[in-house]
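*Asks:* following is a predicted model, sequence given first.
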Amino acid sequence: LRTDTCSVTRMVDKNGFTPEQIEEFQEVFNMFDKDQSGSISSDELGDVMRSLGMKPTKEDIVEMISQVDKDKNGDIDFEEFKYLMKERVKDVNSEEDVASIFESLDADKSGKISRQELETALKSLGDKLKPEEKLTDEEISDVIAKADVDGDGDIDKRELMALIMKK
């Protein structure tokens, strides 16, 4: 039995995700699953949300988990997480969502995200990560280079929109 490599890379799972998306989701899931239990608890979800500048209440977190917790155990396993991502991926691509992300990263409200602001946000998230999951300076530079179309060293709202919308 011979498998065409091009066909394999285009395969999608039951949720419509490519292998590349599943790999990205697994990396994100692993960042949330700090104790490596194979599931995300309400405490872990709350910690990550707070590290991203959100202020969820306990009720908000319980509600988020209950929306995808098919087995009703109070945690989110990877299959449930993929379902959550399926719902969120559809929603994240609106201009309003990108504007909200931009505002949370543009700490000095200059209309641009500087390298320092991006590093601060990633460090805040990174404080919750294992050392091997943190972005290196080179990876941060790559993110900026990919997004910084006009070459000024900063990311403006239009550039962030273009980066997020092309995914």
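*Replies:* Received the coordinates, thanks. Since the structure is predicted, the reported quantities are computational estimates derived from the model, not experimental observations.

*Asks:* right, and the helix or strand after the helix or strand of the chain with the lowest mean pLDDT?
*Replies:* For the chain, the helix or strand with the lowest mean confidence is helix 5-10, at a mean of 40 (criterion: mean pLDDT, DSSP states H and E). Where DSSP states H and E defines the elements, the next helix or strand beyond helix 5-10 is helix 19-32.

*Asks:* which parts of that next one are buried?
*Replies:* The neighbour-count check on helix 19-32 (16 or more other CB atoms under 10 Å) flags 21-22, 25, 29-32 as buried. From N, CA and C alone the C-beta is placed, and that goes for glycine too.

*Asks:* same check, this time on stretch 70-77
*Replies:* Buried residues in stretch 70-77, defined by neighbour count with 16+ other CB under 10 Å: 75-77.

*Asks:* neighbouring contacts of it?
*Replies:* Residues outside stretch 70-77 that contact it (CB atoms under 8 Å, 6 or more residues apart in numbering) are 37-42, 45, 65, 68-69, 79-80, 83-84.

*Asks:* then stretch 36-53?
*Replies:* With contacts defined as CB under 8 Å, 6+ apart, stretch 36-53 is touched by 29-35, 56, 58, 61-62, 64-65, 73-78, 81, 104, 121, 124-125, 127-128.

*Asks:* that stretch - what's its average pLDDT?
*Replies:* Average pLDDT, stretch 36-53: 83.

*Asks:* and it, C-alpha only, in PDB?
*Replies:* What follows is stretch 36-53, C-alpha atoms only, in PDB (Å, rounded to 0.1, in the frame of the first residue of the first chain):
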ATOM      1  CA  GLN A  36       1.200  17.200  32.500                       C
ATOM      2  CA  SER A  37      -1.800  15.200  33.700                       C
ATOM      3  CA  GLY A  38      -3.300  15.000  30.200                       C
ATOM      4  CA  SER A  39      -6.100  17.400  31.000                       C
ATOM      5  CA  ILE A  40      -6.600  21.100  31.800                       C
ATOM      6  CA  SER A  41      -8.100  21.900  35.200                       C
ATOM      7  CA  SER A  42     -10.000  25.000  36.000                       C
ATOM      8  CA  ASP A  43      -7.000  26.300  38.000                       C
ATOM      9  CA  GLU A  44      -4.700  25.800  35.000                       C
ATOM     10  CA  LEU A  45      -7.100  27.500  32.600                       C
ATOM     11  CA  GLY A  46      -7.500  30.400  35.000                       C
ATOM     12  CA  ASP A  47      -3.800  30.900  35.400                       C
ATOM     13  CA  VAL A  48      -3.200  31.000  31.700                       C
ATOM     14  CA  MET A  49      -6.100  33.400  31.100                       C
ATOM     15  CA  ARG A  50      -4.800  35.700  33.800                       C
ATOM     16  CA  SER A  51      -1.300  35.600  32.300                       C
ATOM     17  CA  LEU A  52      -2.800  36.800  29.100                       C
ATOM     18  CA  GLY A  53      -4.300  39.800  30.900                       C
END
